[in-house]
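Peer 1: quick check, what structure comes out for this input:
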Amino acid sequence: MKCTYLLRRTAHTVQTLRDRLLQTRAFLAWKSSQNKLNDLQQRIVSDLDRDGIAINVSELGLDAQFQELCEHSSLLKPLPKKTGGIMKPFLHKLLSENVVDHDPESIYGRVCLDSRLLEIASAYFRGLCSLSEYNMWLNVPIDDSAQSSQLWHRDPGDICLLKMFGLVTDLTPSNGSFHYLRGSHWRGPHARLTAPSTHDGFSSRSNDEQMRQLTDERDWIHVTGPRGTIIFADTRGYHKGGLVQSDHRLLLAAMYTRWMYTGESMLRQTTPLADDASVDQEWALRAIRRGEE
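Peer 2: Alright, predicted model coming up:
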């Protein structure tokens, strides 16, 4: 019994030291990269630090990329659903239902590795970030009540997880608007809040009534916006979305993580990084799968 306790304690200590070392390396690399944020990027990071979410409409200079993204994504078709894991009948991942083969020349890879986005993520984490996954999400209506990620929840994996949602279709209250509890991220006043919930076999989910028991609805941020809107959200904070009642919702979703993140990468690199890749881009891809792994 004592031996088991000591082994667990030692393993925890080693993991903690590893995490601190990795994050220190990422911090030093970030400081030495000397990337200066412009006013808009600074505002986005400030909003993230304060609220856990930041919303911007076509101001980052990615209009041409989003036009190309819209053209390419219109040709994508839903793939057969994988079995096992978290089943979401309302969500289709169009690039792959499992691991995505990262193509640095594809519009999806180019947008997610755009230096302007990486600089924001790295500034939020205070260290160069890792790109852990990206995919095209298609949400469709189903004849059922809200379920799974359509209910309030916190994403697991680390104390902070930054997701970027790039809207390919307009986002409205009837086609899957995004909702976020202001200040429920790691730097916010509600960081430790745990709402009453029901476990669905994979995660704890809370409905609106349960959230009202501990939170003020004035802190619920309801996000809608036109095509081209970019949403940054720390999804370790309470959030929900994707409940489509009419039409559909299509967006590019990417997840940026700290270097301490121990979750599984959902990207696989099959082609080498370009010779002119920036330091940010090199670091962002260091943790993804290689070849046929």
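
Peer 1: check contacts around residue 131.
Peer 2: When contacts are counted by Cβ atoms under 8 Å, 6 or more residues apart in numbering, residue 131 touches 112-113, 118, 254-256, 267, 284-285, 288. C-beta here means a position set from N, CA and C on the backbone, and glycine is covered the same way.

Peer 1: now the buried members of those.
Peer 2: Neighbour-count burial (16 or more other Cβ atoms under 10 Å) is assigned, among the contacts of residue 131, to 112-113, 118, 254-256, 267, 284-285, 288.

Peer 1: for these, give me CSV that also has secondary structure, pLDDT and distance to residue 154.
Peer 2: Formatted as CSV, these follow (DSSP: H, G, I helix; E, B strand; the rest coil; pLDDT from 0 to 100; distance: Cβ to Cβ, whole Å):
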residue, secondary structure, pLDDT, distance to residue 154
112, helix, 97, 23
113, coil, 96, 27
118, helix, 97, 24
254, strand, 98, 19
255, strand, 98, 14
256, strand, 98, 17
267, strand, 94, 23
284, helix, 93, 24
285, coil, 90, 27
288, coil, 79, 24
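
Peer 1: quick one: the helices in the stretch 1-150 of the chain?
Peer 2: For the stretch 1-150 of the chain, the helices defined by DSSP state H, counting those that start in this stretch cover 2-33, 39-51, 63-73, 107-112, 115-125.

Peer 1: extract the CA atoms of the second one and return them as PDB.
Peer 2: Pointing back at helix 39-51 there. What follows is helix 39-51, C-alpha atoms only, in PDB (Å, rounded to 0.1, in the frame of the first residue of the first chain):
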ATOM      1  CA  ASP A  39      -3.500  46.600 -31.700                       C
ATOM      2  CA  LEU A  40      -6.200  44.100 -32.800                       C
ATOM      3  CA  GLN A  41      -4.200  41.100 -31.600                       C
ATOM      4  CA  GLN A  42      -3.600  42.800 -28.300                       C
ATOM      5  CA  ARG A  43      -7.300  43.500 -27.900                       C
ATOM      6  CA  ILE A  44      -8.100  39.900 -28.700                       C
ATOM      7  CA  VAL A  45      -5.600  38.600 -26.100                       C
ATOM      8  CA  SER A  46      -6.900  41.100 -23.600                       C
ATOM      9  CA  ASP A  47     -10.500  39.900 -24.100                       C
ATOM     10  CA  LEU A  48      -9.400  36.300 -23.700                       C
ATOM     11  CA  ASP A  49      -7.500  37.100 -20.500                       C
ATOM     12  CA  ARG A  50     -10.500  38.900 -19.100                       C
ATOM     13  CA  ASP A  51     -13.500  36.900 -20.400                       C
END
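
Peer 1: confirm that residue 251 sits in a strand.
Peer 2: Yes. With DSSP: H, G, I helix; E, B strand; the rest coil as the criterion, residue 251 is located in a strand.

Peer 1: isn't it up against residue 170?
Peer 2: No. Residue 251 lies out of contact with residue 170 (Cβ atoms under 8 Å); the separation is 10.7 Å.

Peer 1: if I look at residue 24, how far off is residue 282?
Peer 2: For residue 24, the distance to residue 282 (Cβ to Cβ, to the nearest Å) stands at 18 Å.

Peer 1: my bad, residue 102
Peer 2: For residue 102, the distance to residue 282 equals 13 Å [Cβ to Cβ].

Peer 1: and what of residue 201?
Peer 2: For residue 201, the distance to residue 282 equals 39 Å [Cβ to Cβ].

Peer 1: which of the two has more neighbours?
Peer 2: Neighbour count, other Cβ atoms under 10 Å: between residue 201 and residue 282, residue 282 has more, with 12 against 7.

Peer 1: quick check: closest non-adjacent residue to the more buried one.
Peer 2: Spatially, and ignoring its direct neighbours in sequence, residue 282 is nearest to residue 273 (6.5 Å; Cβ to Cβ, 6 or more residues apart in numbering).

Peer 1: burial check on the one you found, number of neighbours?
Peer 2: By other Cβ under 10 Å, the residues close to residue 273 number 16.

Peer 1: try residue 115
Peer 2: Around residue 115 there are 15 residues (other Cβ under 10 Å).

Peer 1: quick revisit: for the residue nearest to residue 282, what are its contacts?
Peer 2: Residue 273 makes contacts with 104, 281-282, 285, as judged by Cβ under 8 Å, 6+ apart.

Peer 1: that's all I had, so thanks and see you.
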